[in-house]
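J.: kindly return the folded structure for what I paste below:
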Amino acid sequence: MINQSQNVKVRQSNMELLRLLSMLMIMVGHCLFFTYPNGIQIKESPILPFVLFQFKGLSICSVDVFVLISGWFGIRFKGIRLTSLIFQTLFFSILIYFSLLIWKPREYMTLDALSTIICFHSDDYWFIKAYVGLYLFAPFLNRFIEAATEKELKKFLIFFYIFQTIYGWLNLYGAHWFEGGFSMISFMGLYILARYLRLHVKEDRAKSFYLLNYVLIGFCLGLIAFLLATYDIKIYGRLLTYTCPLVILESVFLLLFFSKLSLQSIVINSLSASCLSMYLLHANELILRPYYCGQIKIWGETQTTLKAFFYSSLWVILFLISSIIIDFGRKKLWNRIELYLKSK
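T.: Below you'll find the model as predicted:
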């Protein structure tokens, strides 16, 4: 019989596993970052495009899931945690920039490349900037959630997602600050949604119900996008955005599925502590397009489907392992800094 304390640890392990899975899905999703095939290419060779759209349909919810996990547990603002997040981001951005500078000084000895260290461009670690914004506002969101009744929260979420669907999905820039889900405001909506689910929704269905619905929605998203792309109906990309209602629903089903699991693993918890490093290494703008996605695109254009898939899988694993190893050094350094800060 698991006591209440143990049960909390079990659920935390479940969500840490989901956090790892969502980060892996982000890395897989970025593998498909290059241009989607057009109708002529699909009709000439439909199998690979179909598989790619299915991967995208199942993985597009990854960012939403990552944010939902934060809402599921709730963010308790601590200056030392925020400092740790900023330090981790700077650690990777500085390491990446100076490594590339040593490798190709002529190409990277520019103010534009140097400015990526502080995430100066809109695309530079957009997720980190949106998440920091969410972290800063979390205490105020928590007060609203704690003071509001279930009915008030439900009403807020209904109106919020109607508004976002119209101005942040049907027209991705109808309200430019939604930015198709690449924004702090969308993260806030997901955070409140997850808190509502945790506090007011009973998990009274079987695990298979949530998993089946996740897979079904992901398959339908990929299939519909594939069919629209086959006939060059350009709106197919709209289905594969973070503000798409089906993507949000898909992420909720995946979250609820993992909330029903019973897992405990020190290994999972340890790896999860470095999962953000997986994003910081491969999604740096100096790496993402020219090297991470660029190399996969080359394999896709020059190798057979099986070889391209094999090489791309090894590429993802290489980045994953490298990020964990690098983050081990970052954690050692941060532990010393944290001790110093606490002593002061």
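
J.: so which strand or helix has the residue most central in space within the chain?
T.: In the chain, the centroid-proximal residue (CA atoms, centre = their mean) is Val63; its distance is 2.6 Å. Element membership for Val63, per DSSP states H and E: helix 62-73.

J.: pLDDT of that helix, averaged?
T.: When pLDDT is averaged along helix 62-73, the result is 96.

J.: and it, what's buried?
T.: Under the neighbour-count criterion of 16 or more other CB atoms under 10 Å, helix 62-73 has Ser62, Val63, Asp64, Val65, Phe66, Val67, Leu68, Ile69, Ser70, Gly71, Trp72 buried. Where C-beta positions appear, they are placed from N, C-alpha and C, glycine not excepted.

J.: and the gap between Ser27 and Leu281?
T.: To be clear, residue 27 is Met; Ser isn't right here. 10 Å (CB to CB, to the nearest Å).

J.: again with Val252
T.: For Val252 relative to Leu281 (CB to CB), the value is 29 Å.

J.: same check, this time on Phe77
T.: For Phe77, the distance to Leu281 - CB to CB - is 27 Å.

J.: between these two, which is the more surrounded one?
T.: Counted by other CB atoms under 10 Å, Phe77 and Leu281 do not tie: Leu281 has more neighbours, with 22 against 13.

J.: with adjacent residues omitted, what lies nearest to that one?
T.: Nearest residue to Leu281, sequence neighbours excluded (CB to CB, 6 or more residues apart in numbering): Ser323, at 4.1 Å.

J.: hmm, the one you found is touching His282, no?
T.: Yes: using CB atoms under 8 Å, Ser323 is in contact with His282, at 7.3 Å.

J.: returning to that earlier point: and the helix or strand just after the helix holding Val63, what does it pack against?
T.: Tracing the chain past helix 62-73, the next element assigned as helix or strand by DSSP H and E is helix 79-103. Secondary-structure packing of helix 79-103 (3 or more CB pairs under 8 Å, 6 or more residues apart in numbering; DSSP states H and E): helix 105-108, helix 111-114, helix 126-147, helix 275-282, helix 305-343.

J.: between the helix or strand following the fourth one and helix 305-343, how big is the angle?
T.: With elements assigned by DSSP H and E, the helix or strand that comes after helix 275-282 is helix 294-302. Comparing the axes of helix 294-302 and helix 305-343 via axes from the mean of the first three to the mean of the last three CA atoms, to 10 degrees yields an angle of 170 degrees.

J.: quick revisit: which one of the helices and strands packed on helix 79-103 lies nearest to Ile166?
T.: helix 126-147 (20.8 Å; CB to CB).

J.: mind giving me the packing neighbours of the helix or strand just after the closest one?
T.: Counting by DSSP H and E, the next helix or strand C-terminal to helix 126-147 is helix 150-165. Here helix 150-165 touches helix 184-200, helix 245-259, going by 3+ CB pairs under 8 Å, 6+ apart.

J.: helix/strand/coil for Asp123?
T.: Secondary structure assignment for Asp123 (DSSP: H, G, I helix; E, B strand; the rest coil): coil.

J.: can you check Gly174 too?
T.: Per three-state DSSP, Gly174 ends up coil.

J.: how far off centre is the worst-scoring helix or strand of the chain on mean pLDDT?
T.: Lowest by mean pLDDT, DSSP states H and E among the helices and strands of the chain is helix 4-31, with a mean of 78. Helix 4-31 sits 11 Å away from the centroid of its parent chain (CA atoms, centre = their mean, to the nearest Å).

J.: now it: buried residues?
T.: Buried, per 16+ other CB under 10 Å, within helix 4-31: 11-31.

J.: that one versus helix 62-73: what angle between them?
T.: 160 degrees.

J.: counting contacts, what elements does helix 4-31 pack onto?
T.: Packed next to helix 4-31, using 3+ CB pairs under 8 Å, 6+ apart, are helix 47-59, helix 62-73, helix 245-259, helix 266-272, helix 275-282, helix 305-343.

J.: at 6 Å instead, please
T.: helix 47-59, helix 62-73, helix 266-272, helix 275-282 (3 or more CB pairs under 6 Å, 6 or more residues apart in numbering; DSSP states H and E).

J.: among those helices, which is nearest Lys297?
T.: For Lys297, the closest of these is helix 47-59, at 12.1 Å, according to CB to CB.

J.: and the nearest residue to Thr116 once chain neighbours are set aside, what pLDDT?
T.: Nearest residue to Thr116 in three dimensions, chain neighbours excluded: Asp124, at 5.2 Å (CB to CB, 6+ apart). At Asp124, the model reports a pLDDT of 95.

J.: gap between Asp124 and Ala206?
T.: Asp124 is 43 Å from Ala206, by CB to CB.

J.: okay, those two: which has more neighbours?
T.: Neighbour totals were compared for Asp124 and Ala206, and Asp124 leads with 19 against 11 (other CB under 10 Å).
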